[in-house]
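Visitor: Predicted model follows, preceded by the sequence.
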Amino acid sequence: WELAETVYSSQDPDKATGDALEALCLLTGTFRQAASPTSATLYLTGANTTAIPAGNQAQTASVPVITFATLADATLALADVWLATTSYAVDDVVENDGDIYLCTVAGVSAGSGGPLTSVYGANINDNGVTWRWVGEGEAYATVAAEATVNGPNVVSATQIRTIATPVGGWSGVQNMLDAVPGTDLQTDESLRLQRGLD
């Protein structure tokens, strides 16, 4: 009787689970949403022409430690040198005194000095421009990366900052924006609701 009930339930969308539910959902063109990894854009800093192959890893500085792997090859290229009394736009990147900085508020830079702070997440006022420190070096690259495990991990800006797979010439890594959370495998309950809408 239990076996018969199991077989009978496998044909009822309100009772079926797992593979049986997925098979029923195919009749309406409904597919279970797969799990996906959290994604982020990483700024890599260091020496000019340093090659960082895809698959290299960086980790969050806080617990739990979440590891991210780069999705493409990257080669560090020289950043423009910071200049006094110069107009800068959001997302401009400069090198000043051996460090890389990202412009977060546009404006005209000061008459001398430039950004000099090396504090994660700190806003650095430069006359009318606001900068954020990216990392040590004269060169940089940006690259997409994904967490090595699936799931809706919450990773705030500046939290990915530990190099897990060192490469000569690569001295810094940082996510300047919040990561985009991934997803868990869609539950049976959620899949049933989705099937009802399709």
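Guide: Sure thing, it's come through. Numbers count the residues shown, from 1 in each chain.

Visitor: count of neighbours near the nearest residue in space to residue 97 that is not next to it in sequence?
Guide: With sequence-adjacent residues excluded and distances taken as C-beta to C-beta, 6 or more residues apart in numbering, residue 97 is closest to residue 116, at 6.0 Å. Where C-beta positions appear, they are placed from N, C-alpha and C, glycine not excepted. Using other C-beta atoms under 10 Å, residue 116 is surrounded by 15 other residues.

Visitor: Could you look up the SS state of the residue most central in space within the chain?
Guide: By C-alpha atoms, centre = their mean, the chain has its centre lying nearest to residue 40, at 1.0 Å. Following DSSP: H, G, I helix; E, B strand; the rest coil, residue 40 is assigned to strand.

Visitor: So residue 78 is in contact with residue 139, correct?
Guide: Yes - applying C-beta atoms under 8 Å, one finds residue 78 in contact with residue 139, separated by 5.0 Å.

Visitor: who's more crowded, those two?
Guide: Higher neighbour count among residue 78 and residue 139: residue 139, with 22 against 13, using other C-beta under 10 Å.

Visitor: tell me the pLDDT at the more buried one?
Guide: pLDDT for residue 139: 98.

Visitor: where's it relative to residue 100, distance?
Guide: Distance from residue 139 to residue 100, counting by C-beta to C-beta, to the nearest Å: 8 Å.

Visitor: which residues are in contact with both of these two?
Guide: Taking C-beta atoms under 8 Å, 6 or more residues apart in numbering as the contact rule, residue 139 and residue 100 both touch 45, 79.

Visitor: quick one: contacts for residue 37?
Guide: Contacts of residue 37 by C-beta under 8 Å, 6+ apart are 146, 147, 148, 149, 150, 151, 182.

Visitor: I meant to write residue 182 there.
Guide: 35, 36, 37, 38, 39, 146, 147, 150, 151, 152, 153.

Visitor: Out of those residues, which end up buried?
Guide: Burial by neighbour count, 16 or more other C-beta atoms under 10 Å: within these this picks out 36, 37, 38, 39, 146, 147, 150, 153.

Visitor: Filter those residues down to the ones in strands?
Guide: With strands taken from DSSP state E, the overlap with these comprises 37, 38, 39, 146, 147, 150.

Visitor: Just confirm the fifth one contacts residue 67, I think it does.
Guide: When you say that, I think you mean residue 147. Yes - in this structure, residue 147 is within contact of residue 67 by C-beta under 8 Å, at 6.8 Å.

Visitor: circling back: just put the contacts of residue 37 in a markdown table and tack on distance to residue 123 and pLDDT.
Guide: As requested, the contacts of residue 37 are exported to a markdown table (distance: C-beta to C-beta, whole Å; pLDDT from 0 to 100):
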| residue | distance to residue 123 | pLDDT |
| --- | --- | --- |
| 146 | 28 | 98 |
| 147 | 27 | 98 |
| 148 | 31 | 97 |
| 149 | 32 | 95 |
| 150 | 34 | 96 |
| 151 | 31 | 95 |
| 182 | 29 | 96 |
